[in-house]
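Student: Have a look; sequence and predicted model below, questions after that.
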Amino acid sequence: MEFKEILKYYSRKDVQEAIVESAEDREIGARYLNGAYRARPDIFQYPNDIIQLIKQGIIALDISMERWRHPLDLRPSMKREDLDANRIGWDLILDIDCEALEFSRVAADLLCKALNFYHVSFTIKFSGRAGFHIFVPFESFPETIAGKETRKMFPEAARIVAEYLSEMIKDHLSKELLKRYSLEEIQEKTGKEDIFEQNIFAPYKIIKFIGQIDSVAISSRHLIRAPYTINQKIGLVSIPIDPKEILTFSLEKTKPENVKVERKFIVRDVEPNSANSLFWQAVEFDQNKKIVEKEEKSYEEKKEFQISTEAVPEIMFPPCIKKIFEGLTDGRQRSMFALINFLTCCGWSKEQIEYRMVGWDKLNARSLTEGKIKKHVRYAGQKREQILPPNCDHQGYYKDFNVCFPDSLCARIKNPVNYARARQRMQSKVNQQGSKGRKLTEEEKQKRRETRERQKAFKEGMLRKKEEAQKRAEDEKQASSQTTT
């Protein structure tokens with residue numbers, strides 16, 4: 001772009017006002033044509049500030065994910081406590097990028113659907129090159145997470161939520177991309193040959209997702225391109241778009257001469273705490289991931305969390321779970337996630353869990369709606385691995401709900417699933433000892449036959465699933481090898 005075209009675009013009052021509004025309480029970064037930043041920190045106060053920067057050779061303008069009381073007080077290598085004291089809050093901005101815009105479209109569309117699943121308020125904009133930025137405002141966050149102020153949990157909480165969402169859509173992303181494009185097309189469009197992990201297509205080999213493992217890391221004072229500003233490399237404008245138009249979005253709209261200031265990217269007027277469920281589920285995901293990593297170091301500890309192959313009866317449940325099932329006035333959302341994961345780990349089928357959860361919801365002071373519960377049960381059933389409910393000492397759960405009434409066994413376990421499995425083992429030993437020295441009744445014989453039949457059916461079902469998974473893996477491996485050839 002020629003300088004006069006850049007100056008003409010930034011001279012528009014509607015563009016200036018939109019940029020200044022988005023920079024409120026934020027640090028801004030001004031970049032020259034070569035990508036180098038002008039000295040930081042900097043701020044916008046008036047629309048005319050933008051024109052003054054453009055006349056100095058600036059072409060691109062960035063804003064911080066964090067909101068600051070005094071942005072001009074920021075300095076390199078500031079201590080964590082000083083950053084926390086200055087920080088008002090922070091917004092979750094999911095940054096999706098790829099060498100090919102069409103692949104970024106698919107990832108952005110799936111992320112928006114994931115946020116809609118959690119009823120989270122968000123906006124989205126074209127990044128200015130080949131990706132998208134999705135914005136979730138701080139006003140929708142929980143005030144505290146695990147006893148800590150959320151405003152102080154940057155960047156770790158942002159990483160946790162971003163990683164959880166990336167994992168949530170990973171399989172869907174892989175399927176959607178392979179449904180639309182061949183492996184050869186993906187390699188050609190991205191210029192990447194290595195797009196596999198263990199001979200299976202790995203979507204995050206071609207798509208960068210901030211917060212996702214082995215990708216760009218979020219750090220304090222991280223900046224993204226401000227809405228309605230120009231990308232200094234290719235001359236396109238970063239404009240907000242309708243989430244429904246992601247897959248049909250046209251780059252023609254992003255040329256400076258075609259840009260219309262119709263939408264906001266930075267919004268604050270949203271329903272308070274609407275992102276609570278997403279954050280708590282992400283934190284739970286992170287906690288359980290750490291638990292699994294720790295448990296895998298020891299065979300005995302891993303064995304302790306072995307998933308039951310037979311549904312554990314409610315009489316074996318720990319006191320806290322029984323108390324939750326009596327109905328709650330507070331903590332319904334978090335309890336729903338904990339109960340679903342608990343029942344899954346205790347061998348309950350999707351149908352059993354759905355029926356029990358809907359019945360439980362009727363006992364709560366306020367209903368969560370049957371549709372919402374069924375959605376979460378279905379999603380839990382789609383996970384490749386069961387996730388444990390929060391540990392007994394997890395802040396924000398059982399003690400906070402006032403349902404923790406430990407008995408003598410509770411002191412020896414760390415997780416509600418441990419309790420149920422321990423009770424089940426103890427009862428099994430009692431039954432075995434009690435059955436010795438006497439003949440079984442016809443009713444007991446019939447129950448044993450039914451139990452063996454259920455176990456046989458379960459094992460056959462698991463074997464079928466394993467064979468199907470192995471066949472899919474072999475087919476994908478064969479397809480990838482043919483493509484490589």
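Tutor: Looks like it arrived, so ask away.
Student: distance of K465 from R472?
Tutor: 11 Å (C-beta to C-beta, to the nearest Å). Every residue, glycine included, has its C-beta placed from N, CA and C.
Student: Same check on L278?
Tutor: Taking C-beta to C-beta, one finds L278 at 30 Å from R472.
Student: In terms of neighbours, single out the busier of the two.
Tutor: L278 (24 against 11; other C-beta atoms under 10 Å).
Student: Just confirm that one is within a strand.
Tutor: No. Using DSSP: H, G, I helix; E, B strand; the rest coil, the assignment for L278 is helix, not a strand.
Student: Could you double-check that it sits in contact with S121?
Tutor: No. Assessed by C-beta atoms under 8 Å, L278 is found out of contact with S121, at 10.8 Å.
Student: a helix runs through F103, doesn't it?
Tutor: Yes. Counting by three-state DSSP, one finds F103 located in a helix.
Student: Near it, how many other residues are there?
Tutor: 25.
Student: Show the pLDDT at it.
Tutor: pLDDT for F103: 94.
Student: contacting residues for it?
Tutor: L177, Y181, I186, K189, T190, I206, I207 (C-beta atoms under 8 Å, 6 or more residues apart in numbering).
Student: change it to 7 Å
Tutor: L177, I206, I207 (C-beta atoms under 7 Å, 6 or more residues apart in numbering).
Student: Tell me the spacing between it and I321.
Tutor: F103 is 43 Å from I321, by C-beta to C-beta.
Student: now what about stretch 353-373, what contacts it?
Tutor: Contacts for stretch 353-373 (C-beta under 7 Å, 6+ apart): 325-329, 332, 336, 339-340, 343-344, 374, 377.
Student: same check, this time on stretch 48-66
Tutor: In contact with stretch 48-66 (C-beta under 7 Å, 6+ apart) are residues 6-7, 10-11, 16, 19, 22-23, 26-33, 38, 44, 87, 90-91, 93, 154, 221-226, 229-232.
Student: count of neighbours near Q281?
Tutor: Residues near Q281, counting by other C-beta under 10 Å: 23.
Student: Helix or strand next in line after the lowest-mean-pLDDT helix or strand in the chain, which one?
Tutor: Lowest on mean pLDDT, DSSP states H and E among the helices and strands of the chain sits helix 299-304, with a mean of 43. Using DSSP states H and E, the helix or strand that follows helix 299-304 in sequence is helix 319-324.
Student: Take that next one, keep the C-alpha atoms, and write them as PDB.
Tutor: C-alpha atoms of helix 319-324 as PDB (Å, rounded to 0.1, in the frame of the first residue of the first chain):
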ATOM      1  CA  PRO A 319     -21.300 -39.100  51.600                       C
ATOM      2  CA  CYS A 320     -20.700 -36.000  49.500                       C
ATOM      3  CA  ILE A 321     -22.100 -37.500  46.300                       C
ATOM      4  CA  LYS A 322     -25.200 -38.800  48.100                       C
ATOM      5  CA  LYS A 323     -25.700 -35.400  49.600                       C
ATOM      6  CA  ILE A 324     -25.500 -33.700  46.200                       C
END
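Student: which strands and helices sit next to that helix?
Tutor: helix 332-345 (3 or more C-beta pairs under 7 Å, 6 or more residues apart in numbering; DSSP states H and E).
Student: Please tell me how far the next helix or strand along the chain from the helix it packs on is from the chain's geometric centre.
Tutor: Reading on from helix 332-345 to the C-terminus, the next helix or strand found by DSSP H and E is helix 350-361. From the chain centre to the centre of helix 350-361 is a distance of 25 Å (C-alpha atoms, centre = their mean, to the nearest Å).
Student: do the same with stretch 414-432
Tutor: 33 Å.
Student: Buried residues, it. List them.
Tutor: By neighbour count on 16 or more other C-beta atoms under 10 Å, the buried set for stretch 414-432 is K414, N415, P416, V417, N418, Y419, A420, R421, A422, R423, Q424.
Student: Same check on stretch 330-345?
Tutor: 331-345.
Student: for stretch 381-396, same thing?
Tutor: Those would be Q386, I387, L388, P389, P390, N391, C392, H394, G396, for stretch 381-396 by 16+ other C-beta under 10 Å.
Student: Name the nearest of those relative to T441.
Tutor: Nearest to T441 out of the buried residues of stretch 381-396 is Q386 (C-beta to C-beta; 35.9 Å).
Student: Quick check, that closest one in contact with T344.
Tutor: Yes. Counting by C-beta atoms under 7 Å, Q386 touches T344, with 5.1 Å between them.
Student: what sits against the most centrally placed residue in the chain?
Tutor: Nearest to the mean C-alpha position of the chain, counting by C-alpha atoms, centre = their mean, stands L165 at 2.3 Å. Taking C-beta under 7 Å, 6+ apart, we find L165 in contact with L94, L111, A114.
Student: From F122, how far off is it?
Tutor: 11 Å.
Student: Look up phi and psi at L368.
Tutor: Here is the backbone geometry of L368 (degrees, to the nearest 10): phi -90, psi -10.
Student: ugh, wrong one, A60
Tutor: Per degrees, to the nearest 10, the backbone of A60 is at phi -120, psi 140.
Student: Run through who's touching stretch 249-256.
Tutor: Here stretch 249-256 has contacts from E5, Y9, R105, F126, I230, L236, V237, I239, I241, N258, using C-beta under 7 Å, 6+ apart.
Student: Pull the contacting residues for the third one.
Tutor: Residues touching R105, when contacts are defined by C-beta under 7 Å, 6+ apart, comprise I246, L247, F249.
Student: partner residues bridging I200?
Tutor: On the basis of DSSP bridges, I200 is bridged to E197.
Student: Go ahead and confirm it touches Q478.
Tutor: No. Under the criterion of C-beta under 7 Å, I200 is not in contact with Q478, lying 11.9 Å apart.
Student: Mind checking which of the contacts of R105 are buried?
Tutor: Buried among the contacts of R105 by 16+ other C-beta under 10 Å: I246, F249.
Student: Would you convert the contacts of R105 into a markdown table that also reports secondary structure and pLDDT?
Tutor: Shown next, in a markdown table, are the contacts of R105 (DSSP: H, G, I helix; E, B strand; the rest coil; pLDDT from 0 to 100):
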| residue | secondary structure | pLDDT |
| --- | --- | --- |
| I246 | helix | 95 |
| L247 | helix | 94 |
| F249 | coil | 91 |
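Student: Name the nearest of the contacts of R105 relative to V270.
Tutor: Checking these one by one against V270 (C-beta to C-beta), the nearest turns out to be I246, at 20.3 Å.
Student: if you skip the residues just before and after it, what's nearest to the closest one?
Tutor: Of all residues not flanking I246 in the chain, D109 sits nearest, at 4.7 Å (C-beta to C-beta, 6 or more residues apart in numbering).
Student: Kindly list the longest helix within this protein.
Tutor: Ranked by residue count and defined by DSSP state H, the top helix of the chain is helix 442-484.
Student: Mind giving me the packing neighbours of it?
Tutor: helix 183-190.
Student: quick one, the helix it packs on and helix 442-484 angle?
Tutor: 60 degrees (axes from the mean of the first three to the mean of the last three C-alpha atoms, to 10 degrees).
Student: So which other helices or strands are in contact with helix 183-190?
Tutor: Helix 183-190 packs on helix 442-484, going by 3+ C-beta pairs under 7 Å, 6+ apart.
Student: ok, back up a step: out of the buried residues of stretch 414-432, which are inside helices?
Tutor: P416, V417, N418, Y419, A420, R421, A422, R423, Q424.
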